[in-house]
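Chemist: generate a structure from the sequence data that follows.
(one chain, ligands or ions: 2)
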Amino acid sequence: MSEPILEASNLSKNFNGFHAVNNVSLRIEQGTIHALIGANGAGKTTCFNLLSKFLAPSSGRIRLKGRDITRFRPDRVARLGLVRSFQLSAVFASLTALENVGLALQRRRGESFDFWRSTRKLDDNRARAEELLDAVGLADDHHTLAAELPYGRKRALELATTLGKDPEVMLLDEPTAGMATEDVGHITRLIREVARGRTVVMVEHNLGVVSELCDRITVLARGEILVEGDYDTVARDERVIESYIGGGGHA
Ligand SMILES: Nc1ncnc2c1ncn2[C@@H]1O[C@H](COP(=O)(O)OP(=O)(O)O)[C@@H](O)[C@H]1O
Ligand SMILES: [Mg+2]
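Modeler: Ligands and ions are numbered 1, 2, ... in the order given. Here you go, the predicted structure:
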């Protein structure tokens, strides 16, 4: 087996003694799309926040490209190529789609806003922002205020701002949550396209999306790994079926 691009070893997170994530080890192979699924309360979000460094683990280690990032802050791992999406909380409603992506590009690699930057660089950023918007299907919405975009397009914009940071490893938090069926199909195709040449880890509720996109699936239950494998392996596992039905939750 090749060296994983992202590796978690024996990760645990306790909240006042409650084990939200318990001894989870993950190997995320370069170039794959890897899903974290499980019933409500299984520990997906906590796991996602640990991987993206927004939570510090109680114990365990995380490595990115062989480098121990357990104690790194999110901005530092972002500069190393590990970038997470934010479920719209990073989209500014009163800015246009183009301004939103422009801002993400400016913030990439920790650049701060700078009036004195060369016009050339600003032009480059603008061209790149336009390209990213076109890539996520927002070619006609460059100058639409984010607030005025329908929900599915807002999520596409969120994807464009995440891509603006040029992630090697992209962590997506429920990219299809709350979407109408036609938007789910659109965003699924989009993720497949933008995943080329990258590694994607996603928390996803929609099993149809998971089956269509993901090379490998880790099923969490009560903070621990229940099963891991490709979709067929996971979908026919009795414990997974039981956990979903018994747990009262959908994915
Ligand atoms: N900040 C927190 N403080 C206390 N308990 C938490 C906190 N975050 C999550 N939990 C608990 O940890 C468990 C796993 O939560 P979570 O990771 O959000 O699960 P999922 O995303 O799979 O629904 C749940 O029982 C939840 O109540
Ligand atoms: Mg969650």
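Chemist: CA only for contacts and neighbour counts going forward, please
Modeler: Noted.
Chemist: next up, the contacts around E7.
Modeler: Taking CA atoms under 8 Å, 6 or more residues apart in numbering as the criterion, E7 is in contact with S25, L26, R27, I28, I62, R63, L64.
Chemist: got the residues of the protein near ligand 1?
Modeler: By CA under 6 Å from any ligand atom, the residues of the chain that approach ligand 1 are F15, A20, N40, G41, A42, G43, K44, T45, T46.
Chemist: now the buried members of these.
Modeler: A20, N40, A42, G43, K44, T45, T46 (16 or more other CA atoms under 10 Å).
Chemist: quick one: the third one from D237, how far?
Modeler: What it means is A42. Per CA to CA, to the nearest Å, A42 is found 17 Å from D237.
Chemist: and what of the fifth one?
Modeler: Using CA to CA, one obtains 19 Å as the distance from K44 to D237.
Chemist: this protein: helices as residue ranges?
Modeler: Remark: helices assigned in the chain by DSSP state H are 44-51, 74-79, 97-107, 119-135, 151-164, 181-194, 207-213, 231-235, 238-246.
Chemist: rebuild those helices as CSV, extending it with mean pLDDT.
Modeler: Below are the helices of the chain laid out as CSV (pLDDT from 0 to 100):
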stretch, mean pLDDT
helix 44-51, 96
helix 74-79, 90
helix 97-107, 89
helix 119-135, 83
helix 151-164, 90
helix 181-194, 88
helix 207-213, 92
helix 231-235, 92
helix 238-246, 76
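Chemist: with distance to H142 added, can I get the ones you listed in a markdown table?
Modeler: Below are the helices of the chain laid out as a markdown table (distance: least, CA to CA, whole Å):
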| stretch | distance to H142 |
| --- | --- |
| helix 44-51 | 31 |
| helix 74-79 | 26 |
| helix 97-107 | 5 |
| helix 119-135 | 7 |
| helix 151-164 | 10 |
| helix 181-194 | 18 |
| helix 207-213 | 27 |
| helix 231-235 | 37 |
| helix 238-246 | 41 |
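Chemist: find the nearest non-adjacent residue to the residue in the stretch 151-251 of the chain that ligand 1 sits nearest to, please.
Modeler: Nearest residue of the stretch 151-251 of the chain to ligand 1, counting by CA to the nearest ligand atom: G223, 6.6 Å away. Leaving aside its sequence neighbours, G223 sits nearest to V21 (CA to CA, 6 or more residues apart in numbering; 4.0 Å).
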